[in-house]
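Undergrad: test case, fold it:
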Amino acid sequence: MTNAADKRDVTHSRSIFQEVHSEGSQRQPQTSLAGVPDGDLLLAMARKDAQSHAAWEEFYRRHVEYLYFVCRGAFSTALGSHSVEDLVQDVLIRAYERARTFVLDQTLDADRQRRAVRAWLGKISANMVHDSFRDEPMVTFVDDEVLEAHSYETSTTYEEGEPVEPDRVRILNEAMQTLTEREQQVLRATAFWYQPGASQQRLPNRAMADLATDLKTSSANVRQIRVRSIAKVRNYFRRHFDEHLRRL
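TA: Here you go, the predicted model:
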C-alpha cells in the first residue's frame, strides 16, 4: 500500500515534470549540470533535496527526445501516438521516483553510464506497457509447433571459440530489411510480448485488435503474416550466417 510519504513524493515528482515539460528546453537550469554524468544526476535525484529539481531538469532534457523516439517505435501500434507521450511522461516520473534503485557501476565512463541509464529507462518503459495490459484477455499468436520450426541456435561460435555476436546482429538486421514494412511491423509488435520458453505465445487481445486495425486486416491474417515473416528471417539468417562461418 502507498504510504503518505510515497504519495507526497509522487505528487512532487509530477509537479516537477509539468514545470520542466512546460518550460521546455529554452530555459537554462539554475545550475549548470550539462557535464555531470547520468549516474551522478540519479544520485542527486535520489536524495530528494534542494539539488534534486535541477538534476531532474537536466535528466529530462538529456533523455526525453531519445525516450520518445524509442517508445514511439516500439509501442505506437499498441498504444497510439498520444499514449506514447503519456508513457514517456510516466517513465521519466518513475525514474525520478525510483532513482535510488538504479545501481551504478562506478567503473563506467560517462558515455557508458548514459547507455546503462537508457537501458534502464527502456526496461521501465517495457514494464509499464506490460502493466497497462495486465488485466486484458490474451490471445495466442504462435503455438509451440511454429516456435520449434522457427527456432535457431543462439550460442554459435566458430571453431576458434571467439564470439560472433556482432556478425549475428548484422545478418539479423539484414534479414529484417528483406521484409516488407507490413511484415516488419507485425514482427516488432508481437516480439514485445514474446516469452522465451513458453509453449504458447500470447499477447493482449486489445493489442492484437489494434495491430489488425492498423494493418487493415484480421487477427488471423496477422498470425499468418508473422509465421511467414519468421520463416523469411530464419531462412535468410541460416543461409548467410552459415556462409559467414565458412569464410572464417
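
Undergrad: off-centre distance for the host helix or strand of residue 96?
TA: Counting by DSSP states H and E, the element that carries residue 96 is helix 81-97. Chain-centre distance of helix 81-97: 13 Å, with C-alpha atoms, centre = their mean, to the nearest Å.

Undergrad: what does stretch 196-203 give?
TA: For stretch 196-203, the distance to the chain centre is 19 Å (C-alpha atoms, centre = their mean).

Undergrad: could I get it in CSV with only the CA atoms?
TA: In CSV, the C-alpha atoms belonging to stretch 196-203 read as follows (Å, rounded to 0.1, in the frame of the first residue of the first chain):
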residue,chain,number,x,y,z
PRO,A,196,11.2,-17.3,-24.0
GLY,A,197,10.5,-21.0,-23.2
ALA,A,198,6.7,-20.6,-23.3
SER,A,199,4.9,-23.3,-25.3
GLN,A,200,2.3,-20.8,-26.5
GLN,A,201,3.0,-17.2,-27.2
ARG,A,202,0.2,-14.7,-26.3
LEU,A,203,-0.4,-11.0,-26.5
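
Undergrad: buried residues in it?
TA: 201, 202, 203 (16 or more other C-beta atoms under 10 Å). Where you see a C-beta, it was placed from the backbone N, CA and C, and this is true even at glycine.

Undergrad: helices and strands around the helix holding residue 96, which ones?
TA: helix 4-23, helix 38-47, helix 52-79, helix 110-132 (3 or more C-beta pairs under 8 Å, 6 or more residues apart in numbering; DSSP states H and E).

Undergrad: let me see the mean pLDDT of that helix.
TA: Helix 81-97 shows a mean pLDDT of 89.

Undergrad: again, but for stretch 187-196
TA: 80.

Undergrad: what's the next secondary structure element after the helix or strand of the chain with the lowest mean pLDDT?
TA: Counting by mean pLDDT, DSSP states H and E, the chain has its least confident helix or strand at helix 144-149, which shows a mean of 41. Next helix or strand after helix 144-149 toward the C-terminus (DSSP H and E): helix 165-177.

Undergrad: tell me the centre residue of the chain?
TA: residue 122 (4.2 Å; C-alpha atoms, centre = their mean).

Undergrad: right, and it touches residue 70 too?
TA: Yes. At 6.5 Å, residue 122 counts as touching residue 70 under the criterion of C-beta atoms under 8 Å.

Undergrad: next, the buried residues of stretch 241-248.
TA: For stretch 241-248, the neighbour count (16+ other C-beta under 10 Å) marks residue 241 as buried.

Undergrad: repeat for stretch 92-109
TA: So, applying 16+ other C-beta under 10 Å, buried residues of stretch 92-109: 92, 93, 94, 95, 96, 97, 98, 99, 102, 108.

Undergrad: cool, and stretch 47-57?
TA: Buried residues in stretch 47-57 (16+ other C-beta under 10 Å): 48, 51, 52, 53, 54, 55, 56, 57.

Undergrad: and the buried residues of stretch 196-203, which of them are in strands?
TA: 201, 202, 203 (DSSP state E).

Undergrad: can you list the low-confidence ranges for this structure?
TA: 1-31, 80-81, 141-165, 199, 244, 248 (pLDDT under 70).

Undergrad: tally of neighbours for residue 224?
TA: 12 (other C-beta atoms under 10 Å).

Undergrad: residue 205 now?
TA: By other C-beta under 10 Å, 14 other residues sit near residue 205.

Undergrad: is it true that it touches residue 138?
TA: Yes. Counting by C-beta under 8 Å, residue 205 touches residue 138, with 6.6 Å between them.

Undergrad: and of the ones in strands among the buried residues of stretch 196-203, the nearest to residue 238?
TA: residue 201 (21.0 Å; C-beta to C-beta).

Undergrad: so that closest one versus residue 193, what's the distance?
TA: Residue 201 sits 7 Å away from residue 193, going by C-beta to C-beta, to the nearest Å.
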